[in-house]
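S.K.: return a 3D structure for these sequence lines:
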Amino acid sequence: MEFLYIEGKRAVEEAIKAGANINYIMLADGLHLGGIVALAKEKNIRTKLVSRTKMDYTSKTKKHQGVIAVLSAFSYSDVDDMLASAQQEGTKPFVVIADQITDPHNLGAIIRSAECFGAHGVIIPKNRSAEVNETVYRSSAGAASRIKIAQVTNLSAEIERLKQKNLWIIGADMEGDAFEEADFDLPLALVLGAEGSGISRLVKEKCDFLINIPLKGQIASLNVSVAAGIFFYKISKVRK
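M.R.: I've put the predicted structure just below:
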């Protein structure tokens, strides 16, 4: 069986609070982790005291801070659940599509910002993309347990389905128009592409329009997770 290890105090605390399906939590012997122990007890999650050697051997990130939560696997959501959440809130859907983002740190940061600015979910392709693993979870600061994340086999087909659900598909691309002029008060899906290659050709062709962030410096582009945060803030501000 494949396991997912959530590592670090903050990430584990967020996973417990969010109701993640945790099998048990490993705690390094000799450390004072009373807050996590209390949270685990409240949620009836089993804890195990282990040696630092065992903890270091188990850790994938080597940044466990003496605590690792063990899950059977990450539980992906369904895209329709994201749209249902928006309907229940009485708001227009806002989902994020991460196209070919293979760096787990970037994907984690995007998930974190998406949760902070009220996105209803993040969609990733099954192939040519980072999966939700230990690094993604840690980089998201626990947001991966707070926001719906869907993994789809065919991103182009999913975009067509979102269009049938009356969502506008907006692509973040250097060839796009300045994002200050865009109307974000719509049911929308924002597509973010990988650094360097950007949005894939087939996905770009399916976008209703493209937007960019005008830059004034000598560097030609922003890190994708930084750009994501700027877009998310603007969308959140417009939609209130």
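
S.K.: tell me the residue in this protein that is farthest from the middle.
M.R.: Taking CA atoms, centre = their mean, the residue of the chain most remote from its mean C-alpha position is residue 30, at 33.2 Å.

S.K.: scan this structure for its longest strand.
M.R.: Of all the segments assigned as strand in the chain under DSSP state E, the longest by residue count is strand 168-178.

S.K.: need the contact partners of that strand.
M.R.: Residues lying outside strand 168-178 but in contact with it, judged by CB atoms under 8 Å, 6 or more residues apart in numbering, are 97, 159, 162-163, 182, 184, 186-193, 198-199, 203-204, 206-214, 220-221, 227-228, 231. For the C-beta atoms, the positions are set from N, CA and C on the backbone; glycine is no exception.

S.K.: that one: what's the following helix or strand?
M.R.: Beyond strand 168-178 on the C-terminal side, the first helix or strand identified by DSSP states H and E is strand 188-193.

S.K.: where's residue 231 relative to residue 96, distance?
M.R.: Using CB to CB, to the nearest Å, one obtains 9 Å as the distance from residue 231 to residue 96.

S.K.: residue 140: how many residues sit nearby?
M.R.: Residue 140 is surrounded by 28 other residues when neighbours are defined as other CB atoms under 10 Å.

S.K.: and residue 219, that one's in a strand?
M.R.: No: per DSSP: H, G, I helix; E, B strand; the rest coil, residue 219 lies outside any strand segment and is coil.

S.K.: spit out the contact partners of it.
M.R.: Taking CB under 8 Å, 6+ apart as the criterion, residue 219 is in contact with no other residue.

S.K.: and the gap between it and residue 198?
M.R.: Using CB to CB, we find residue 219 at a distance of 16 Å from residue 198.

S.K.: can you check residue 101 too?
M.R.: 11 Å.

S.K.: not counting its neighbours along the chain, what's nearest residue 212?
M.R.: For residue 212, the nearest residue in space outside its immediate sequence neighbours is residue 176; the separation is 4.3 Å by CB to CB, 6 or more residues apart in numbering.

S.K.: do the same with residue 135
M.R.: Closest residue to residue 135 apart from its sequence neighbours, by CB to CB, 6+ apart: residue 104 at 4.0 Å.

S.K.: likewise for residue 49?
M.R.: What sits nearest to residue 49 in space, not counting adjacent residues and going by CB to CB, 6+ apart, is residue 29, at 4.8 Å.

S.K.: quick check: bridge partners of residue 172?
M.R.: Beta bridges link residue 172 to residue 211 when assigned by DSSP bridges.

S.K.: check contacts around the residue nearest the centre of the chain.
M.R.: Within the chain, the residue whose C-alpha comes closest to the C-alpha centroid is residue 111; the distance, by CA atoms, centre = their mean, is 2.3 Å. Taking CB under 8 Å, 6+ apart as the definition of contact, the neighbours of residue 111 are 122, 136, 139-140, 143-144, 147, 149.

S.K.: so which elements touch the longest helix seen in the chain?
M.R.: Scanning the chain for the helix with the most residues, using DSSP state H, yields helix 224-239. Helix 224-239 makes packing contacts with strand 94-99, helix 104-116, strand 168-178, strand 188-193 when contacts are defined by 3 or more CB pairs under 8 Å, 6 or more residues apart in numbering; DSSP states H and E.

S.K.: which strands and helices sit next to the last one?
M.R.: Right, the one you point to is strand 188-193. For strand 188-193, the helices and strands in contact under the criterion 3+ CB pairs under 8 Å, 6+ apart are strand 94-99, helix 155-164, strand 168-178, helix 201-206, helix 224-239.
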